[in-house]
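Visitor: task: produce atomic coordinates for the following.
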Amino acid sequence: MPGDLHPEGGAANAHDPALAALFQEYTPLLKRFLWARVHHDDDVADLLHETYERLQRHGERVDLSRARSLLFTIARNLVIDRARHQKVSEVDAGVDVESLMDPLPTPEQRAIDQEAIDQLNRVIEALPPQCRRVFVMRKIHQFSQKAIAEKLGISVSTVEKHVAAGMRQCRSLLQD
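Guide: Next comes the predicted model:
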């Protein structure tokens, strides 16, 4: 495969032979540079490979007199990117991830919740039509009192009275 690295760090089947030779020349220095920052052989090998791939992507635009600097800049940026990625994707080992997730309600809890919703719906349905309309617009659809008053052609004071009546009915349900 083009751009593959030999285990010794040299390049095989390189896109640009001059860049491959340059990379091979600086591989020992790059290995030391990377090892000082990541301290793991597999990471060093991965970063070396990525450095080589990025160098090859620059292709003909690389000024060979400044290629050493470019190589170390690429390697440094890859180390920084890897550190950022690890920091973002870290999970604190002391945290039990399962405990952070909301437990699924038991079938019994689902039945209790559904019964409470059904009772609330029955209370709302039992409200007088205008009171029910205002209550639903305010408490369920989150319309402002002013918007409800304008839409229904009633005063804001009447909206407040209907909402209060609906709330009293709901409270009485919750107290029972």
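Visitor: flag every buried residue along the host helix or strand of Ala75.
Guide: Using DSSP states H and E, Ala75 maps to helix 67-89. Residues Ala67, Leu70, Leu71, Phe72, Ile74, Ala75, Leu78, Val79, Arg82 are the ones in helix 67-89 that count as buried (16 or more other Cβ atoms under 10 Å). No exception for glycine: its C-beta is placed from N, CA and C like everyone else's.
Visitor: can I get it as CSV, trimmed to CA atoms?
Guide: Extracted C-alpha coordinates of helix 67-89, given in CSV (Å, rounded to 0.1, in the frame of the first residue of the first chain):
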residue,chain,number,x,y,z
ALA,A,67,10.8,19.8,5.5
ARG,A,68,12.4,18.9,8.9
SER,A,69,10.5,21.7,10.5
LEU,A,70,7.3,20.7,8.7
LEU,A,71,7.7,17.0,9.9
PHE,A,72,8.1,18.1,13.6
THR,A,73,5.2,20.5,13.3
ILE,A,74,3.0,17.8,11.9
ALA,A,75,4.0,15.4,14.6
ARG,A,76,3.5,18.0,17.4
ASN,A,77,0.0,18.9,16.0
LEU,A,78,-0.9,15.2,15.9
VAL,A,79,0.2,14.8,19.6
ILE,A,80,-1.9,17.8,20.5
ASP,A,81,-4.9,16.5,18.6
ARG,A,82,-4.6,13.1,20.2
ALA,A,83,-4.4,14.7,23.7
ARG,A,84,-7.5,16.8,23.1
HIS,A,85,-9.4,13.8,21.8
GLN,A,86,-8.4,11.7,24.8
LYS,A,87,-9.4,14.5,27.2
VAL,A,88,-12.8,14.9,25.6
SER,A,89,-13.5,11.2,25.4
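Visitor: so which elements touch it?
Guide: When contacts are defined as 3 or more Cβ pairs under 8 Å, 6 or more residues apart in numbering; DSSP states H and E, helix 67-89 packs onto helix 17-38, helix 41-58.
Visitor: tell me the helix or strand right after the helix or strand of the chain with the lowest mean pLDDT.
Guide: The helix or strand of the chain with the poorest confidence is helix 97-100; it has a mean of 59 (mean pLDDT, DSSP states H and E). Downstream of helix 97-100, the next assigned helix or strand under DSSP H and E is helix 107-126.
Visitor: list the contacts of the following helix or strand past that next one.
Guide: Following helix 107-126 in sequence order, the next helix or strand is helix 129-135 (DSSP H and E). Identification of contacts with helix 129-135 by Cβ atoms under 8 Å, 6 or more residues apart in numbering yields 124-125, 127, 148, 152, 154, 158-159, 162-163, 165-167.
Visitor: what comes up buried for whichever helix or strand comes after helix 129-135?
Guide: For helix 129-135, the following helix or strand on the C-terminal side (DSSP H and E) is helix 145-152. Neighbour counts over helix 145-152 (16+ other Cβ under 10 Å) mark Gln145, Ile148, Ala149, Leu152 as buried.
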